[in-house]
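Colleague: Quick one, structure for this:
(one chain, ligands or ions: 2)
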Amino acid sequence: MEQNKLLLIGVGGIGSEIIKCLLLSGYTEITCVDLDTIELSNLNRQFLFREVDIGKSKAQVICERSKRFNGSAKLVPLHSDIKTKGPSFFSQFSVVVTALDNVGARKYANMMCRITKTPMVDTGSAGFNGQVEVFLPGLKCFECTPIQPPKTYPVCTIRRNPEKMVHCVVWAKEEFKKEFCSKTYDSAEDEQYNELLFLKYFDQGIKDLLALKDFWKGKRKPTPLGNSKTFLNEKKEKTEKGQENNDQPQEMRIFEPQEYATLFLKSVRELAKKRVQLSRPLIFDKDDPLALAFVACVANLRAFIFGITMQSTFEIKGIAGSIIPAVASTNAIVAGIAVKEVTNVLGWLKTKKDESCKSTWVGIPPKRILLQPFRLENSNKKCLVCKLQCITLKANVEQILVKTLIKEVAKELDFESATLGFGSNCIYDPYDEMEENLEKKCCQFKIEHDSIVELDDTEIDFNVKVIIVHDPQIKEQQFQIVFHGDKPKPTTKEEQEEEEEEESSLSKNKPSIVGNTGVSETIEIIDLIDESETIILNKPDIIKEKKDLNLFQQLPNQLDRKRNFSNMSVNDEIEKNNDKTIDIEKDENAEKEIKQNMKKTRKIPNNDKKNQKKPEIISIDLD
Ligand SMILES: Nc1ncnc2c1ncn2[C@@H]1O[C@H](COP(=O)(O)OP(=O)(O)OP(=O)(O)O)[C@@H](O)[C@H]1O
Ligand SMILES: [Zn+2]
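Modeller: Ligands and ions are numbered 1, 2, ... in the order given. All right, here's what the predicted structure looks like:
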């Protein structure tokens, strides 16, 4: 144990448990990377942090506080984004342990671990569920299992015919974004601004919907509210009822619709003022009381119009932010298993026998399957990360020209016609007019030591990652190409056919992984077309889980746990959404509308042109 250097990425809810368990188990050399600082909301479950630590680097504080478990351990804190670390950083470690809260960073760590052939132990939790997955070089990697696609609502449910509060909340959030997050104003709106919005949302907008006569056949029609004055006048008869039974905090109470109308008018005025003060568009944040007040009022008034039961601001906040409560015990269980797996992986490094390594799902009673271990699986032949081929190029980036890099490396690897990419930029494409880039030096494109550039052949299925090792001593033409094992080669026709035949059986019977600890952003609206033509919504597991938290006994039905990452970035989702099937709600109008919208779908930037498919839309049933 003492000879092994470990890398722990993320020291939040699970990570701070892992470091403790590692030290108490006898590990002595651990590098901790985290890009974040400590917040008040972390203290309820990240037990090594104290109030005085708020605002300080998580990595720094965790290393200081963890010394109590072993004063002589070598703990190295790094307050940085893991995505800034390259292969030479990763290759220092025997095992990488990830305790992250987003897919992007996990994918990055996975890629680095594949490139450097380092085992990775990935952890995650959401409420009472969690998992520890072990990824050994040569076997299944993090990207072998497709990540659960975002679920969507047909746009017409949101826009025309909401049936549940969540539909109203999604609409309210969208309207907030349209109204406050895309425009800047130099001066306050006119007096009538809030009234105009009131009419647009709750009166004229509804009347416009009612004008679609055919649409309402057999459906319950919404009732427009009129102008705010008339609507507020109805208050007198109702308020007394609204005052009853009100010992609960404001946030937990459900008010009369008229009170939401008053609060709506006030919140619009204040949001408009705030936008002028900041002289920039606003950002939706569920923790901003003003933004939340707007969304709660709009959602409740819309619910009232459509005959849906109104809910408290607290409940609406849960829906708007998709909050899954973090459970410290789940994190502790996951951390304990992760440390056990680190030890198993070290055994594997010696023996290359993987029997003892397992991926484990953490569930709950009454199915009595608290822990469910699975044997490690083989790689998915279709996994682009597992198929990844790489070489190292030792060169002087201040001298070597793009031309030299492309021509010489491509020649060595038998490329027919190569494009050169770096990150999301295309540096050279033979079919584009990019000749002038050929004469530039690599460093002009910020290619530096430990950068990874990508050579891709558009004619054949051939993609090679080139890890750059900068050496200032090397002259331009004296670069050196180092193969990692065999020389990379294009995928042969037979291999391609084999891949197609072998429909991935991976994880068909397996639960898929849950995301992180704590607050998640599972409801994410993604606009694939122009300004909100289509709304894609990740299934808000939260709603199910929150309800289920009270019904503790029923939770285990979730042993079909979805691969459910929280804080998934929009790109992650779009990327994963590319290869999913359509399953549109049985609503003909919705189907038609979505199909029309699909035609308008804009091109999604993706380096991997061959895998580019049209994003598709999946419907969701929240029951
Ligand atoms: N790219 C990254 N590089 C380094 N650390 C990261 C990166 N992405 C996320 N992290 C860290 O991973 C940790 C995940 O921990 P956790 O899921 O408990 O989230 P949290 O931010 O601590 O809590 P919460 O979001 O629930 O309030 C966080 O400390 C976060 O800063
Ligand atoms: Zn893979």
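Colleague: quick one: low-confidence parts of the stretch 51-200 of the chain?
Modeller: 148-154, 184-189 (pLDDT under 70).
Colleague: residue boundaries of the strands in it?
Modeller: Applying DSSP state E, counting those that start in this stretch to the stretch 51-200 of the chain gives strands spanning 74-78, 95-98, 120-126, 129-135.
Colleague: Repeat that for the stretch 251-400 of the chain.
Modeller: Counting by DSSP E, counting those that start in this stretch, the strands of the stretch 251-400 of the chain are 358-362, 371-375, 389-395.
Colleague: ok, the second one: who's next to it in the sheet?
Modeller: Spelled out, it's strand 371-375. strand 358-362 (antiparallel) (DSSP bridges).
Colleague: same thing with the longest one?
Modeller: Counting by DSSP bridges, the strands paired with strand 389-395 are strand 462-470 (parallel), strand 480-483 (antiparallel).
Colleague: Enumerate the positions of that strand that are buried.
Modeller: 389-395 (16 or more other C-beta atoms under 10 Å). Backbone N, C-alpha and C define where each C-beta goes, glycine included.
Colleague: count of neighbours near the closest residue to Val166 other than its chain neighbours?
Modeller: Leaving aside its sequence neighbours, Val166 sits nearest to Ile319 (C-beta to C-beta, 6 or more residues apart in numbering; 5.4 Å). Number of residues near Ile319 (other C-beta atoms under 10 Å) recorded here: 27.
Colleague: Please report how far Ile319 lies from Glu174.
Modeller: Distance, Ile319 to Glu174, by C-beta to C-beta, to the nearest Å: 13 Å.
Colleague: just Glu17 next, same as before
Modeller: Glu17 is 38 Å from Glu174, by C-beta to C-beta.
Colleague: ditto for Val121
Modeller: According to C-beta to C-beta, Val121 and Glu174 sit 39 Å apart.
Colleague: Pull the residues that contact stretch 60-71.
Modeller: 11, 15-16, 19-20, 23-24, 28, 32, 34, 38, 48-49, 53, 73, 75-77, 79 (C-beta atoms under 8 Å, 6 or more residues apart in numbering).
Colleague: 10 Å - rerun?
Modeller: Stretch 60-71 has contacts (C-beta atoms under 10 Å, 6 or more residues apart in numbering) with 8, 11-12, 15-16, 19-28, 30-32, 34, 37-38, 46-50, 52-54, 56-57, 73-79.
Colleague: buried ones in stretch 450-470?
Modeller: Neighbour counts over stretch 450-470 (16+ other C-beta under 10 Å) mark 451-457, 461-470 as buried.
Colleague: And for Pro488, nearest residue in space, chain neighbours not counted?
Modeller: Pro488 sits nearest to Gln389 (C-beta to C-beta, 6+ apart), 3.7 Å away.
Colleague: same thing with Phe422?
Modeller: Phe422 sits nearest to Val453 (C-beta to C-beta, 6+ apart), 4.7 Å away.
Colleague: how about the one you found, secondary structure?
Modeller: strand (DSSP: H, G, I helix; E, B strand; the rest coil).
Colleague: Let me see the contact set for it.
Modeller: 393, 402, 405-406, 409, 420-423, 425, 427, 442, 445, 447, 464-468.
Colleague: Run through the bridge partners of it.
Modeller: With DSSP bridges as the rule, Val453 is bridged to Phe422, Val466.
Colleague: How much space separates it from ligand 1?
Modeller: 21 Å (C-beta to the nearest ligand atom, to the nearest Å).
Colleague: Same check on Glu2?
Modeller: From Glu2 to ligand 1 the distance is 26 Å (C-beta to the nearest ligand atom).
Colleague: Surely that residue is within a strand?
Modeller: No: under the criterion used here (three-state DSSP), Glu2 is coil, not part of a strand.
Colleague: The closest residue to it other than its chain neighbours and ligand 2, how far apart?
Modeller: For Glu2, ignoring the flanking residues on the chain, the nearest one in space by C-beta to C-beta, 6+ apart is Thr28 at 4.9 Å. Per C-beta to the ion, to the nearest Å, Thr28 is found 31 Å from ligand 2.
Colleague: Now do the same contact list for Thr28.
Modeller: 1-6, 22, 70, 72-75.
Colleague: Look at Glu17 and Glu174 and report which has more neighbours.
Modeller: Using other C-beta under 10 Å, the more surrounded residue of Glu17 and Glu174 is Glu17, with 27 against 20.
Colleague: if you skip the residues just before and after it, what's nearest to that one?
Modeller: Nearest to Glu17 is Ala335, by C-beta to C-beta, 6+ apart, at 3.4 Å.
Colleague: ok, that neighbour - contacts?
Modeller: Taking C-beta under 10 Å, 6+ apart, one finds 13-22, 97, 99, 123, 125, 130, 132 in contact with Ala335.
Colleague: now with 8 Å?
Modeller: Counted by C-beta under 8 Å, 6+ apart, Ala335 has contacts 14, 17-18, 20-21, 99, 123.
Colleague: Which single one of these is nearest to Asp287?
Modeller: Set against Asp287, the nearest of the contacts of Ala335 by C-beta to C-beta is Ile14 (22.5 Å).
Colleague: Spatially nearest residue to that closest one (excluding sequence neighbours)?
Modeller: Ala99 (4.0 Å).
Colleague: Quick check, the one you found in contact with Ile19.
Modeller: No: look at Ala99 against Ile19 with C-beta atoms under 8 Å: they stay out of range, at 9.1 Å.
Colleague: which residues in the stretch 301-450 of the chain form helices?
Modeller: With helices called from DSSP state H, counting those that start in this stretch, the stretch 301-450 of the chain shows them at 313-321, 328-351, 384-387, 402-412, 435-438.
Colleague: May I see the buried residues of the second one?
Modeller: Put plainly, it is helix 328-351. So, applying 16+ other C-beta under 10 Å, buried residues of helix 328-351: 330-346, 348.
Colleague: Same check on the first one?
Modeller: Along helix 313-321, these residues count as buried under the neighbour rule (16+ other C-beta under 10 Å): 313-321.
Colleague: ok, and for stretch 78-97, which residues are buried?
Modeller: 78-79, 82, 85-87, 89-90, 93-97.
Colleague: Distance to Lys221 for those residues - can I get that in JSON lines?
Modeller: Formatted as JSON lines, the buried residues of stretch 78-97 follow (distance: C-beta to C-beta, whole Å):
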{"residue": "Leu78", "distance to Lys221": "59"}
{"residue": "His79", "distance to Lys221": "57"}
{"residue": "Ile82", "distance to Lys221": "53"}
{"residue": "Lys85", "distance to Lys221": "58"}
{"residue": "Gly86", "distance to Lys221": "60"}
{"residue": "Pro87", "distance to Lys221": "62"}
{"residue": "Phe89", "distance to Lys221": "61"}
{"residue": "Phe90", "distance to Lys221": "60"}
{"residue": "Phe93", "distance to Lys221": "63"}
{"residue": "Ser94", "distance to Lys221": "66"}
{"residue": "Val95", "distance to Lys221": "61"}
{"residue": "Val96", "distance to Lys221": "57"}
{"residue": "Val97", "distance to Lys221": "56"}
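Colleague: Pick out whichever of these sits closest to Leu232.
Modeller: Set against Leu232, the nearest of the buried residues of stretch 78-97 by C-beta to C-beta is His79 (52.2 Å).
Colleague: Helices along the stretch 151-300 of the chain, start to end?
Modeller: Under DSSP H, counting those that start in this stretch, the stretch 151-300 of the chain gives helices at 155-159, 165-180, 193-199, 205-210, 228-233, 235-243, 257-278, 289-305.
Colleague: can you put those in a markdown table and add distance to Glu436?
Modeller: A markdown table is the format used below for those (distance: least, C-beta to C-beta, whole Å):
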| stretch | distance to Glu436 |
| --- | --- |
| helix 155-159 | 44 |
| helix 165-180 | 40 |
| helix 193-199 | 50 |
| helix 205-210 | 52 |
| helix 228-233 | 60 |
| helix 235-243 | 69 |
| helix 257-278 | 41 |
| helix 289-305 | 47 |
